[in-house]
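Student: here you go, sequence then predicted model.
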Amino acid sequence: MPSYTEENYLKAIYKLAEATPGADVTTNSISEVLKTRPASVTDMLRRLSEKGLLNYQRYRGVSLTPEGRRVALLTIRKHRLWEVFLVQQLGFTWDEVHEVAEELEHIQSPLLVQRLDEFLGFPQTDPHGDPIPAADGSVHRTRHRLVADLALGEAGTVVAVRNTAVPFLQYLDKVGLRLGSRLEVLNKTEFDNSLEVKIDHSRRQHISAEVSRNLFVSL
């Protein structure tokens, strides 16, 4: 059974590979994400390789084995189910759940995860719009677009955020942009690519290019 730290590594490697398909997941990129010295990362990669959880050769990129991928997806599944539980049942806001879910995701009880999923009604996404892996490890991804890619007059429903940092989520709350909000592009400023949008058919709001690159909508 992988340790707490090993699960964190496998999850980080999975997410890095997912973010840049086809690119190598390097020691330095893992070190940056986990805020750990490259030498410590190298030691852990060797250990995970010996356990058959990833493919590793020094100075080359790493990749997960089928078993390593299974463990990573299970960890992500638990994390996102716990986030749903914390928001729906305990009144946490979407900017408060991550650190708590980081602790809860390491509970080793398949029955608890199964019952949690059933209790929540088998949710498909977490409070940030990220897909929740199914029990068999499959991941259902819906088609959506970045707000930055919308043309003038196009509209969509906010379904996910790319950036889950606390300051960004708190900013979205402040301007009234949440999952389920209806957003229409009214104007684009050529100078800085900022947008004027209409939220929920009524309120106008200016958002920066950075915000528009971190919001996904379905049309």
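Tutor: Great, that's in hand.

Student: now do the contacts for the residue positioned nearest the centre of the chain.
Tutor: For the chain, D130 is the residue whose C-alpha lies nearest the centre (C-alpha atoms, centre = their mean; 5.3 Å). Listed by C-beta atoms under 8 Å, 6 or more residues apart in numbering, the contact set of D130 reads R80, A160. All C-beta atoms are positioned from the backbone trio N, CA, C, and that covers glycine.

Student: quick one, what contacts the residue nearest to R182 when sequence neighbours are not counted?
Tutor: In space, R182 comes closest to D200 once its chain neighbours are excluded; the distance is 5.1 Å by C-beta to C-beta, 6 or more residues apart in numbering. Contact analysis of D200 by C-beta under 8 Å, 6+ apart lists G176, S181, R182.

Student: generate a PyMOL selection restricted to the buried subset of the residues you listed.
Tutor: This is the PyMOL syntax for the buried subset of those, where burial follows 16 or more other C-beta atoms under 10 Å:
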select buried, resi 181
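
Student: now, among the contacts of D200, which is nearest to M1?
Tutor: S181 (41.4 Å; C-beta to C-beta).

Student: now the closest one. Nearest residue, chain neighbours left out?
Tutor: V158 (4.6 Å).

Student: doesn't the one you found lie inside a strand?
Tutor: Yes - V158 sits within a strand when classified using DSSP: H, G, I helix; E, B strand; the rest coil.

Student: measure it to R77 for me?
Tutor: Separation of V158 from R77 (C-beta to C-beta, to the nearest Å): 23 Å.

Student: likewise R182?
Tutor: In terms of C-beta to C-beta, R182 sits 30 Å off from R77.

Student: which parts of stretch 79-95 are buried?
Tutor: For stretch 79-95, by 16+ other C-beta under 10 Å, it's H79, R80, L81, W82, E83, V84, F85, L86, V87, F92, W94, D95.

Student: what does stretch 203-211 give?
Tutor: I207, V211.

Student: what's the end-to-end length of that stretch?
Tutor: The first and last residues of stretch 203-211 sit 17 Å apart, counting by C-alpha to C-alpha, to the nearest Å.

Student: off-centre distance for the longest helix out of those in the chain?
Tutor: Longest helix of the chain, by residue count under DSSP state H: helix 66-90. Helix 66-90 sits 11 Å away from the centroid of its parent chain (C-alpha atoms, centre = their mean, to the nearest Å).

Student: neighbouring contacts of the next helix or strand after that helix?
Tutor: For helix 66-90, the following helix or strand on the C-terminal side (DSSP states H and E) is helix 97-104. Contacts to helix 97-104, defined as C-beta under 8 Å, 6+ apart, come from residues K78, H79, R80, W82, E83, L86, V87, F92, P127, T164, V166.
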